[in-house]
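Peer 1: Everything below, folded, please.
(one chain, ligands or ions: 2)
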Amino acid sequence: MSGLVGYPGPDPTLPARGAGPGTGQPVRLLPTRAHHTSGHDTGPPAAGTAPAASLRTGAWDPLVDAFGRLHDDLRISVTDRCNLRCIHCMPEGVVFRPRPELLQYEEIVRVAGVARRLGVRSVRITGGEPLVRRGVVDLVRRLASLGFDDLSLTTNGTLLGPLAGPLAGAGLHRVNISCDSLRPDRFAAIRRRGDLATVLAAMDSAEAAGLGPVKVNVVLLAGINDDEVEAFAAFARRTGRPVRFIEFMPLDAPGDWSRSQVVPSADVIERINRRWPLVAVANSDQSPAERYRFADSQGEVGVIASVTRPFCGTCNRLRLTADGALRNCLFARSERSVRDILRDGGDDEAIASAVRAAVMAKAAGHGIDEPGFLRPQRSMSMIGG
Ligand code: SAM
Ligand code: SF4
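Peer 2: Numbers count the residues shown, from 1 in each chain. Ligands and ions are numbered 1, 2, ... in the order given. This is a model prediction of the structure:
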């Protein structure tokens, strides 16, 4: 690859299942970072003031797993339902969870409050499509009152336009909007419902409401939309919206995923770099995106190379599914029900124990490339992407 500044190349610390202590495989440990976790919910710390040493003391120690990875990011799925049926995610005729099985907002806020006290700093609301659930603005208000450093939402954008202002008013910081094609006919074919113009207008509404920077998620599917890499890069340059190209993961509900459908992120970056030279941008947080700015300073693109360059070694994420399961990985094959604890009258310490147990049970890596890899029972929309 010529001219690309800072492209990392093959990752020698690529974590795989079985990496870590006692396995001879390296696992990248987290750098020491400023964090807040006192025993009390005192709100976010002033930047750079959190004393790292004190994080390991007290009843509410931070969430560090067996491989030294600090967990401070929580994805909360509020529904498994959706108004679209994207081909890489959800089939027609999908059966949803009965509503009583979904966590009520009070229950979600309770778990989020415990997570906050355990050192979780950022929360992303997702689904299914989070905006199809009634009252989501109220949920955002209640989550915002817990004082997370970052409160964001991932949406397909179809219902966002009129909700952008209320969501921002309720305390949402920013949105990621999924958009897999810039061609109306292809958008319709991939997403099977909804239309491109509504989603593009929603990006404007989100920015006008102060929910920027609006990041645009693009799942690339070989032979379907991978000829739009340059078009999306041009879009990022024109609009200033960071575009994130996501590798297709074996989490589609129909189970049709095959490696041949994955568009390797390295190829994506190489193609863009050939047209518009790129410069790698250092990540200031644990974001899985490998980021690049255009050398002429006109915007940014990124790749999420979950399949070809897994970022498990620095993964800081926990997930709460809409029906109340705690998951330590998108690909985990086991999970813990926090809904049972909540509905059996469990106290906050019981919830915290479940969260800690989920973190401690996390594997070193998702193992997609391992011969014995088995995809999880849940698909993406039932987990929360
Ligand atoms: N409905 C919302 C949306 O589409 O943005 C939020 C939930 S969706 C599951 C979250 C993200 O996961 C979206 O960007 C979506 O395109 C992505 N996604 C869905 N299925 C995927 C798959 N099999 N592999 C990779 N990404 C996927
Ligand atoms: Fe719905 Fe998002 Fe899945 Fe598409 S990717 S079907 S919008 S949950």
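
Peer 1: Spell out, range by range, the helices that occur in this protein.
Peer 2: For the chain, the helices defined by DSSP state H occupy 105-117, 136-144, 160-170, 184-191, 196-208, 229-239, 265-275, 338-343, 348-360, 380-383.

Peer 1: ranking those helices by burial, who's on top?
Peer 2: Counting by mean count of other C-beta atoms under 10 Å, helix 380-383 has the highest mean neighbour count of the helices of the chain, with a mean of 25. Backbone N, C-alpha and C define where each C-beta goes, glycine included.

Peer 1: neighbouring contacts of it?
Peer 2: 77, 80, 82, 88-90, 94, 97, 127-128, 249, 251-253, 319, 321-322, 327, 330, 376 (C-beta atoms under 8 Å, 6 or more residues apart in numbering).

Peer 1: That helix - what's its average pLDDT?
Peer 2: For helix 380-383, the mean per-residue pLDDT is 78.

Peer 1: Stretch 344-351 now?
Peer 2: Stretch 344-351 comes out at a mean pLDDT of 96.

Peer 1: Just the CA atoms of that stretch, as CSV, please.
Peer 2: The C-alpha coordinates for stretch 344-351 follow below in CSV (Å, rounded to 0.1, in the frame of the first residue of the first chain):
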residue,chain,number,x,y,z
ASP,A,344,-36.9,-11.8,42.1
GLY,A,345,-36.3,-8.7,44.2
GLY,A,346,-32.5,-8.8,44.1
ASP,A,347,-30.7,-5.7,45.4
ASP,A,348,-28.1,-3.6,43.7
GLU,A,349,-25.2,-5.8,45.0
ALA,A,350,-26.8,-8.8,43.4
ILE,A,351,-27.0,-7.0,40.1
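
Peer 1: ok now that stretch, how far from the chain's centre?
Peer 2: 27 Å (C-alpha atoms, centre = their mean, to the nearest Å).

Peer 1: need the contact list for C312.
Peer 2: Here C312 is in contact with P15, C329, A364, G365, H366 (C-beta under 8 Å, 6+ apart).

Peer 1: how far away is it from G384?
Peer 2: Computed as C-beta to C-beta, to the nearest Å, the C312 to G384 distance reads 18 Å.

Peer 1: anything in stretch 262-282 near ligand 1?
Peer 2: No: using C-beta under 6 Å from any ligand atom, we find that stretch 262-282 stays clear of ligand 1, coming within 9.1 Å at best.

Peer 1: I'd say F187 and R193 touch.
Peer 2: No: using C-beta atoms under 8 Å as the test, F187 is too far from R193 to be in contact (10.3 Å).

Peer 1: Not counting sequence-adjacent ones, nearest residue to the residue in the chain positioned nearest to ligand 1?
Peer 2: Taking C-beta to the nearest ligand atom, ligand 1 has its nearest neighbour within the chain at G385, 2.9 Å off. Take G385 and drop its neighbours on the chain: the residue closest to it by C-beta to C-beta, 6 or more residues apart in numbering is T126, 5.9 Å away.

Peer 1: Give the burial count for that neighbour, as a bare number.
Peer 2: By the measure other C-beta atoms under 10 Å, the count of residues near T126 is 25.

Peer 1: thinking again about what came up before, neighbours of the residue of the chain closest to ligand 1, how many?
Peer 2: Other residues close to G385 by other C-beta under 10 Å number 22.

Peer 1: I'd assumed I125 was in contact with it.
Peer 2: No: using C-beta under 8 Å, G385 is not in contact with I125, being 11.6 Å away.

Peer 1: joint contacts of these two?
Peer 2: By C-beta under 8 Å, 6+ apart, the residues touching both G385 and I125 are T154.

Peer 1: How about the residues of the stretch 201-350 of the chain by ligand 1?
Peer 2: N217, V219, I246, F248, M249, L251, D252.

Peer 1: what's the most distant pair in these?
Peer 2: Of all pairs drawn from these, the widest gap by C-beta to C-beta lies between N217 and D252 and measures 15.5 Å.

Peer 1: Tell me where the chain is predicted with low confidence.
Peer 2: Scanning the chain for pLDDT under 70 picks out 1-59, 371.
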